[in-house]
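Q: No letters, just coordinates:
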């Protein structure tokens, strides 16, 4: 038996309100950051193949900045340095959640842009050609033909990104956002029951990721173009950057 | 025949300094079928893409029913493209749509028809290529021949003024070629104006109003099938025919 693992303490921590509120906050932050990152990343991806050199240079610069520097540093920069640079950010509306959202969304957008770009490039150019031959305009071709097909390729690595982001939300601990890790730290510090306090947090992370995996499988099925619904395996290069 | 549907006039086209079309003129009258043959790299596909308004020409002009189309802006060009049907070597069916949705796509997205009306018309055209029962299948579930027939229906449903075929059977298994050629012959019989790049010489002999031989970016010979095959005037044509047959 474990020397000192008190199941009651564990259960009490697991069901306490700071934990589930923290987990909810982590999930919310992940979802809104990822959603914003997808939108920004989409335009960054389009910018990468722009006719204009300066647009391409801008996207390159953006991706360089946000991928080459630690996420924690970006978070601290936005929370601590931004208010000193621009007084508007020193006002009370600038809350930890907003700061974390901005930092994570901007950071994640750099990664998503590469994923989305790869997805767009994976679609056979013949698809666009056929759309043009029908008389469709480019935005319409993008929306109706290219994007749906690219999404198929984009989903699996985006699942990875979701998981990475979820874990990155724990960084917001340093800017006093009361997310899941904060809850665990506070709980542990109160009575030094580290195993119980940390295990309870683990359970929440595992639960969220498990739900994600189910949702992802459903989404992948939804974007498989076959009436019999059989799974078509597409080799997707893994994106490894968990050590951000 | 006076009624010219599609005309290319002294078309020049280069890619990265390589001149692919070097002054091509041709026209196709209403109800005519022109078959273009020639070695690879002779500019057949490029000419077809210029006629389909998918590629801007460097100089010269493309005319649809006497309207000049070169120099138009992208948006106007898109509208005109819907008046010319194009069928590709590799079918290029939209992979994310069923056969029916493929055929409906142009009606809904370009012609702005109501879904219900588009559906009815699309089914009618799927029927015409003998694939009504495959309406709900996705392209990857269809054979190459079936995919190409859906692609033909997708172009036809727009009621184009002319149909262009870019080697429509060369990506198909031998036993699937016939079903596609049958559909094309049916179209020709119904009076569709067509330009076909193909090396199916028997098909050409059978349905072509005239056959054009292209080489090195030029049309070097044009003649009705009988004369073209029995007494080609150009040395290059003779050599090419000897190789293909």
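A: All right, it came through fine. All values reported here derive from a predicted model rather than from experimental measurement.
Q: residue contacts, the closest residue to residue A:111 other than its chain neighbours?
A: Sequence neighbours aside, residue A:161 is the residue nearest to residue A:111 in space, at 6.1 Å (criterion: C-beta to C-beta, 6 or more residues apart in numbering or on different chains). Using the backbone N, CA and C atoms, a C-beta is placed for each residue, glycine as well. Contacts for residue A:161 were tallied using C-beta atoms under 8 Å, 6 or more residues apart in numbering or on different chains; they are A:34, A:37, A:108, A:111-112, A:115, A:239.
Q: Between those residues, which sits nearest chain B?
A: For these, the residue nearest chain B by C-beta to the nearest C-beta is residue A:115; the value is 18.8 Å.
Q: so is residue B:63 in a helix, a strand, or just coil?
A: Of the three states, residue B:63 takes strand under DSSP: H, G, I helix; E, B strand; the rest coil.
Q: what about the nearest residue to it once chain neighbours are set aside, which helix or strand?
A: In this structure, residue B:63 finds its nearest non-sequential neighbour in residue B:7, 4.4 Å apart by C-beta to C-beta, 6+ apart. Secondary structure from DSSP states H and E places residue B:7 in strand B:4-15.
Q: so how far is that strand from its chain's centroid?
A: Chain-centre distance of strand B:4-15: 15 Å, with C-alpha atoms, centre = their mean, to the nearest Å.
Q: what's the angle between the helix or strand just after that strand and strand B:4-15?
A: The helix or strand immediately downstream of strand B:4-15 is strand B:18-29, counting by DSSP H and E. Interaxial angle, strand B:18-29 versus strand B:4-15 (axes from the mean of the first three to the mean of the last three C-alpha atoms, to 10 degrees): 180 degrees.
Q: Could you name the helices and strands sitting against the following helix or strand past strand B:18-29?
A: Once strand B:18-29 ends, the next helix or strand along the chain (criterion: DSSP H and E) is strand B:33-37. Secondary-structure packing of strand B:33-37 (3 or more C-beta pairs under 8 Å, 6 or more residues apart in numbering or on different chains; DSSP states H and E): helix B:44-51, strand B:194-197, helix B:201-207, strand B:210-215.
Q: Can you tell me which of the ones you listed is packed in deepest?
A: strand B:194-197 (a mean of 26; mean count of other C-beta atoms under 10 Å in any protein chain shown).
Q: Tell me the strands beside it, with direction?
A: Strand B:194-197 pairs in its sheet with strand B:33-37 (parallel), strand B:162-166 (parallel), by DSSP bridges.
Q: can I get those in TSV with mean neighbour count and mean pLDDT?
A: Below are the strands paired with strand B:194-197 laid out as TSV (neighbours: other C-beta atoms under 10 Å in any protein chain shown; pLDDT from 0 to 100):
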stretch	mean neighbour count	mean pLDDT
strand B:33-37	26	96
strand B:162-166	24	97
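Q: For residue A:71, find the nearest of those strands.
A: For residue A:71, the closest of these is strand B:162-166, at 49.9 Å, according to C-beta to C-beta.
Q: Need the contact partners of that closest one.
A: When contacts are defined by C-beta under 8 Å, 6+ apart, strand B:162-166 is touched by residues B:5-6, B:28, B:44-45, B:48-49, B:51-52, B:64, B:84-89, B:152, B:155-156, B:184, B:187, B:192-198.
Q: what about residue 183, how many neighbours?
A: I'll assume chain A. Number of residues near residue A:183 (other C-beta atoms under 10 Å in any protein chain shown) recorded here: 26.
Q: oops, I was thinking of chain B
A: Around residue B:183 there are 21 other residues, counting by other C-beta under 10 Å.
Q: Residue B:60 now?
A: 17.
Q: would JSON lines of the helices and strands packed on strand B:33-37 with mean pLDDT and distance to residue A:70 be doable?
A: Listed next are the helices and strands packed on strand B:33-37 as JSON lines, based on pLDDT from 0 to 100; distance: least, C-beta to C-beta, whole Å:
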{"stretch": "helix B:44-51", "mean pLDDT": "95", "distance to residue A:70": "50"}
{"stretch": "strand B:194-197", "mean pLDDT": "97", "distance to residue A:70": "57"}
{"stretch": "helix B:201-207", "mean pLDDT": "93", "distance to residue A:70": "66"}
{"stretch": "strand B:210-215", "mean pLDDT": "95", "distance to residue A:70": "60"}
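Q: the longest helix in the chain is where?
A: Going with chain A. Determined from DSSP state H, the single longest helix within chain A is helix A:17-48.
Q: right idea, wrong chain: chain B
A: Longest helix of chain B, by residue count under DSSP H: helix B:174-189.
Q: where's it relative to the chain centroid, distance-wise?
A: Remark: helix B:174-189 is offset 13 Å from the chain centroid, using C-alpha atoms, centre = their mean.
Q: And stretch A:132-139, by the same measure?
A: On C-alpha atoms, centre = their mean, the centre of stretch A:132-139 falls 33 Å from the chain's centre.
Q: again with stretch B:222-229
A: Averaging C-alpha positions (C-alpha atoms, centre = their mean) puts stretch B:222-229 20 Å from its chain's average.
Q: list the buried ones in that stretch?
A: In terms of neighbour count (16 or more other C-beta atoms under 10 Å in any protein chain shown), stretch B:222-229 has its buried residues at B:223, B:225, B:228-229.
Q: and of these, the nearest to residue A:145?
A: Distances from residue A:145 to those, taken by C-beta to C-beta, are shortest for residue B:225, at 38.1 Å.
Q: do you know how far that closest one is from chain A?
A: Per C-beta to the nearest C-beta, to the nearest Å, residue B:225 is found 28 Å from chain A.
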